[in-house]
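Asks: I would like to see how this sequence folds:
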Amino acid sequence: MNRRKSREQAFILVFERSINHDPVRVIVDTAETSEDVRIDGFAEKTALGVEEQEAVLDGLIQKYIRGWTMNRLSKVALALLRLALYEMKFEPDIPVSVSISEAVNLAKKYGGAEDAPFVNGVLGSAARETGDGNA
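Replies: Below is the predicted model of the structure:
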């Protein structure tokens, strides 16, 4: 599985967690046993990292969504911001531009019309403010 598909799986895991609040491990186990799905190692590791760092990530999101509140964000935008900011902060081998681009593309695929520009703007602010891309 290529990295783009793995990241999409990670997004789906993070999104699912935002809906039902189950631990990522439970979501993975359920998907693999009931739906005959194989969850990629990168996707699982990344989703687990997002879950583990959720408080830190939500703090960053609150910092960069100027004028918005967390409960106004769509579930898609929230999941993508958590995922991309996790990569930007905790995965130094992934270029920031890749994290942003992939999040925007997933927002276009899964979100509403406003999600892609919003996600791009928030992540762009995070990247610019830190200077080195590590939000």
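
Asks: Spit out the contact partners of residue 38.
Replies: Listed by CB atoms under 8 Å, 6 or more residues apart in numbering, the contact set of residue 38 reads residue 32. Just so you know, the C-beta spots here come from the backbone N, C-alpha and C atoms, and that holds for glycine as well.

Asks: ok, 10 Å please
Replies: 1, 9, 31, 32 (CB atoms under 10 Å, 6 or more residues apart in numbering).

Asks: do residue 99 as well
Replies: By CB under 10 Å, 6+ apart, the contact set of residue 99 is 7, 80, 83-89, 91, 123, 126-127, 133, 135.

Asks: nearest to residue 64, of the contacts of residue 38?
Replies: residue 9 (25.1 Å; CB to CB).

Asks: quick one: the closest one from residue 120, how far?
Replies: For residue 9, the distance to residue 120 equals 22 Å [CB to CB, to the nearest Å].

Asks: Of these two, give the one with the bigger neighbour count.
Replies: residue 9 (22 against 17; other CB atoms under 10 Å).

Asks: mind listing the strands for this structure?
Replies: Remark: no strands are assigned in the chain by DSSP state E.

Asks: residues contacting residue 63?
Replies: 122, 125, 126, 129, 135.

Asks: any idea how far the longest helix belonging to the chain is from the chain center?
Replies: In the chain, assigned by DSSP state H, the helix with the most residues is helix 3-20. Mean-position distance between helix 3-20 and its chain equals 7 Å (CA atoms, centre = their mean, to the nearest Å).

Asks: how about residue 78, what does it touch?
Replies: Residues in contact with residue 78 (CB under 10 Å, 6+ apart) are 14, 15, 18, 57, 58, 61, 65, 70, 71, 72, 115, 119.
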